[in-house]
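*Asks:* I'll drop the sequence and a predicted model, then ask my questions.
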Amino acid sequence: MRARWGASASVLTPSVTGMLRALEPGRSRPYAVPWQIDRRDEAHPVVRNSSAEPADFVRVFRSDGASEHWGQVLPGEDVAMCLCDADLDAVVITVAWYRWRTDEEYCWRFVL
């Protein structure tokens with residue numbers, strides 16, 4: 001049985017049952033994305049780690065197939081990108097990293 005538009009909010013579809021749960025007390029909480037992008041020069045954006053902790057094993061993937069490995073990016077560190085060979089109207093940048101001192105991998109995407 002599926003809930004219909006306008007059906008009572010208390011009616012849940014079987015596929016939703018069990019998906020909602022309380023957070024486990026020992027589980028880490030989400031944190032703010034540590035990246036800021038300076039887009040003054042659109043073809044050469046600067047990515048800054050604006051957090052108070054390093055980002056580990058940082059990798060950057062472009063939707064056109066190019067990728068880079070930045071390693072550890074320290075707090076306050078800037079990394080300049082060169083997108084001269086990219087279609088700036090279409091490229092999507094994905095930044096993947098591990099939160100410092102954890103095995104939690106994060107991923108964040110942005111466009112210019």
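*Replies:* Yep, it's here. Numbers count the residues shown, from 1 in each chain.

*Asks:* can you pull out the strands in this protein?
*Replies:* For the chain, the strands defined by DSSP state E occupy 35-38, 46-49, 55-62, 67-73, 78-80, 92-99, 105-111.

*Asks:* Show me what the first one is packed against.
*Replies:* Meaning strand 35-38. Judged by 3 or more Cβ pairs under 8 Å, 6 or more residues apart in numbering; DSSP states H and E, strand 35-38 is in contact with strand 46-49, strand 105-111. Yep, even glycine has a C-beta here, placed from its N, CA and C like the rest.

*Asks:* So which of these is the most surrounded?
*Replies:* Among the helices and strands packed on strand 35-38, ranked by average contacts under mean count of other Cβ atoms under 10 Å, first place goes to strand 46-49 (a mean of 18).

*Asks:* Sheet-wise, list the partners of that strand with their directions.
*Replies:* strand 35-38 (antiparallel), strand 78-80 (antiparallel) (DSSP bridges).

*Asks:* Would you mind putting those strands into a markdown table with mean neighbour count, mean pLDDT and distance to residue 91 alongside?
*Replies:* Putting those into a markdown table (neighbours: other Cβ atoms under 10 Å; pLDDT from 0 to 100; distance: least, Cβ to Cβ, whole Å) gives the following:
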| stretch | mean neighbour count | mean pLDDT | distance to residue 91 |
| --- | --- | --- | --- |
| strand 35-38 | 14 | 96 | 13 |
| strand 78-80 | 12 | 97 | 16 |
